[in-house]
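In: Next input, structure requested:
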Amino acid sequence: MRIPNGFLVVIQAVIASAVAALCLSGCGEVKVDPSTSEPAADAATDSTTNGDGVGGKADTTTGGNQAPTVSIKSPANDAVFSPGQTISFAAKVFDDFDSPDLIKVQWKTETGTVLNEGKVGASGFSEFDTANITDGAHKITCLATDTAGAVGTAEITLLINSPPGSPGIEILPAAPTTSDDLVVHIVTPASDPNRSSKDLTYSYAWFKNDVATGETGKTIANALTAKGEKWTVKVKAKDPKTEGPETQASVTIGNAQPVTPTLAITPTAVDLLTEVSCATAQPASDADGDKLEYEWSWTINQYTNPGATTQLVSVKDLLSGPKQSVKAGDVLKCAVVVKDTVGPALPKVESAPVTLQPFDICGSAFSPCDDVAACQNTNTLEAICTCPVGYFGDGKVCFDTDECLAGDKCSGSAACDNTPGGFKCKCKPGFVGDGVTCTDIDECSKPTNACDLSSACSNTAGGYDCTCQPGFG
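Out: Residues are numbered from 1 along each chain as shown. Below is the predicted model:
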């Protein structure tokens with residue numbers, strides 16, 4: 001068995017003293033060779049780490065001597081630290097021959113950088129603190145060397161993990177309304193000195209008017225928002241070990257413009273006397289629930305009627321131009337401008353055009369002509385009225401002409417009888433004919449005359465006379 005070096009020194013001193021005493025007696029010189037004080041032994045296996053801070057095989061062997069055993073107690077294997085954080089290192093070191101104060105200890109990084117070196121303390125521990133380890137993953141080795149040069153080692157790995165940086169973010173759309181979903185857009189990904197930005201994840205926390213909502217997704221549905229609310233999202237980048245600093249963005253929910261309606265003129269068949277409506281086939285709506293205002297207008301052939309500002313109008317009251325009445329063939333359209341009580345008005349919305357059909361005013365109760373007049377339709381609501389023969393007037397009113405007043409329509413031997421729209425001629429008694437021409441009747445030639453045989457019959461215009469013969473009275 002190998003005698004520890006400390007004991008050899010003591011023995012050598014004792015032997016030297018004994019030899020000196022003997023020399024005084026004249027017994028001659030005695031030499032002690034320390035190298036022969038202990039028999040040679042076979043090479044032993046020293047301890048080293050197996051990756052978890054516990055001793056394993058020796059790096060160096062010396063005959064009969066085992067390398068120190070090393071066990072790293074702090075920090076734990078695969079521990080994670082922040083940059084600049086003070087790390088306490090401690091390793092338990094034991095040697096089978098040397099006392100702790102004779103064992104040299106050195107702590108190194110994987111690049112050979114010496115973190116600390118010195119002797120083992122009386123407690124058997126090598127301990128030190130440092131805050132100077134660079135970012136990234138490191139393999140730390142503790143090497144213990146005894147006086148025979150045998151080296152025992154232990155290793156651990158640790159990570160100096162810098163948290164990710166702040167990402168550049170924005171909320172889209174930048175000027176949202178209650179019709180919009182809110183979406184976080186990562187404008188600039190967070191950077192991380194220890195890994196790719198692709199290996200980072202993000203956490204989201206949403207606040208409404210600075211009060212946490214519990215929403216943690218990337219998107220806020222528009223159903224959760226209301227006009228005037230301030231929405232803020234706070235975002236952190238996260239690596240597998242820690243999270244980075246918070247960054248935030250905010251938007252205020254603005255006024256949602258109304259949804260424009262779809263218009264259609266009803267009825268679809270329109271003539272010059274139709275009452276028409278500018279119907280909303282698809283009504284206007286407002287996501288904010290604001291009261292909507294409507295400005296209606298009507299056009300004929302692109303001429304906007306200044307007085308037609310209601311949803312319901314009568315075509316006959318419209319104009320196709322200044323002081324120009326509507327007519328069949330004109331094109332009718334309606335339009336509306338919608339606005340809420342807050343925002344600007346929406347663009348004007350127009351209906352599909354409708355072509356005006358003619359109206360049979362002559363055949364309706366609205367005919368302007370006299371009952372006896374001839375009525376002719378036009379492409380407007382005006383009709384052409386003409387009084388017939390035997391009447392006079394403008395056609396809208398017709399008066400009977402008294403043809404008998406002229407005195408020349410019948411024979412002088414006839415009577416003139418005025419009739420509506422005409423006249424009749426009738427020969428007077430004693431005349432015969434059509435009234436226009438009348439011929440005197442010779443009553444004396446007729447046996448029906450009243451003269452007796454003692455009188456003479458004399459024919460007259462329109463009659464006859466009876467005169468007694470001489471001798472009769």
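
In: can you pull the contacts of P429?
Out: G462, G463 (CB atoms under 8 Å, 6 or more residues apart in numbering). Any C-beta I mention is one placed from the backbone N, CA and C, and that applies to glycine too.

In: From F399, how far off is it?
Out: Distance check for P429 against F399: by CB to CB, to the nearest Å, it reads 33 Å.

In: how about K426, what does it touch?
Out: Residues near K426 by CB under 8 Å, 6+ apart: C410, A414, A415, D417, G435.

In: Which among those residues count as buried?
Out: C410, A414, G435 (16 or more other CB atoms under 10 Å).

In: Which residue is the nearest non-sequential neighbour of the first one?
Out: In space, not counting the residues next to it along the chain, C410 is nearest to C425; the distance is 3.4 Å by CB to CB, 6 or more residues apart in numbering.

In: After the helix or strand hosting that neighbour, heading C-terminal, what element do we hit next?
Out: Per DSSP states H and E: C425 is located in strand 422-427. Tracing the chain C-terminally past strand 422-427 and defining elements by DSSP H and E, one meets strand 431-433 next.

In: Partner strands of that next one and their direction?
Out: The strands beside strand 431-433 in its sheet (DSSP bridges) come out as strand 438-440 (antiparallel).

In: Tell me the helix or strand right after the strand it pairs with.
Out: Taking DSSP H and E, what comes next after strand 438-440 is strand 455-460.

In: isn't there a helix covering W298?
Out: No: the assignment for W298, made by DSSP: H, G, I helix; E, B strand; the rest coil, is strand rather than a helix.

In: what about it, neighbour count?
Out: Using other CB atoms under 10 Å, W298 has 26 other residues around it.

In: Tell me how far the closest residue to it other than its chain neighbours lies from A345.
Out: Nearest residue to W298, sequence neighbours excluded (CB to CB, 6+ apart): A308, at 4.1 Å. A308 sits 19 Å away from A345, going by CB to CB.

In: Q248: which of the contacts of K426 is nearest?
Out: Q248 lies nearest to D417 out of those, by CB to CB, at 109.3 Å.

In: Just grab the bridge partners of that closest one for me.
Out: K424.

In: dump the residue contacts of it.
Out: C404, F423, K424, C425, K426.

In: ok, the second one - contacts?
Out: F423 is in contact with D402, E403, C404, K409, C410, C416, D417, counting by CB under 8 Å, 6+ apart.

In: The stretch 51-200 of the chain: strands as residue ranges?
Out: Counting by DSSP state E, counting those that start in this stretch, the stretch 51-200 of the chain has strands at residues 69-74, 79-81, 87-94, 104-108, 114-119, 125-130, 136-145, 151-160, 168-172, 182-188.

In: Mind listing the strands the fourth one pairs with, and their directions?
Out: Pointing back at strand 104-108 there. Its sheet considered, strand 104-108 pairs with strand 114-119 (antiparallel), strand 136-145 (antiparallel) by DSSP bridges.

In: now it against strand 69-74, angle please.
Out: Angle, strand 104-108 to strand 69-74, by axes from the mean of the first three to the mean of the last three CA atoms, to 10 degrees: 50 degrees.

In: Average pLDDT for strand 104-108, rounded please.
Out: In this model, strand 104-108 has a mean pLDDT of 97.

In: Run through who's touching that strand.
Out: Here strand 104-108 makes contact (CB under 8 Å, 6+ apart) with 89, 91, 93, 114-120, 126, 128, 140-145.

In: got it, and the second one?
Out: In this structure, residues lying in contact with strand 79-81 by CB under 8 Å, 6+ apart are P75, I87, I133, I156, L158, L159, I160, N161, K241, T242.

In: For ChimeraX, what selects the buried ones among these?
Out: Selecting only the buried entries of the contacts of strand 79-81 in ChimeraX, with 16+ other CB under 10 Å as the criterion:
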select :75,87,133,156,158,159,160,161
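
In: Next, give me the two most distant ones among the contacts of strand 79-81.
Out: For those, the farthest-apart pair by CB to CB is I156 and T242; their separation is 19.9 Å.

In: What residues of stretch 95-112 count as buried?
Out: So for stretch 95-112, counting by 16+ other CB under 10 Å, buried means D95, D96, F97, D98, P100, L102, I103, K104, V105, Q106, W107, K108.

In: Out of these, which is nearest to G149?
Out: K104 (10.0 Å).

In: what about the closest one, distance to I140?
Out: 17 Å.

In: ditto for A223
Out: Applying CB to CB, the value for A223 to I140 is 55 Å.

In: Same question for V372.
Out: 126 Å.

In: Equivalent analysis for D96, please.
Out: Per CB to CB, D96 is found 25 Å from I140.

In: Repeat that for V349.
Out: 75 Å.

In: more crowded one of the two?
Out: I140 (22 against 17).

In: Report the beta-bridge partners for that one.
Out: I156.

In: and it, what does it touch?
Out: I140 touches I72, F89, W107, K108, T109, E110, L115, E155, I156, T157, L158, counting by CB under 8 Å, 6+ apart.

In: okay if I get those residues as TSV plus distance to D286?
Out: Putting those into TSV (distance: CB to CB, whole Å) gives the following:
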residue	distance to D286
I72	70
F89	69
W107	72
K108	73
T109	67
E110	67
L115	70
E155	70
I156	66
T157	63
L158	61
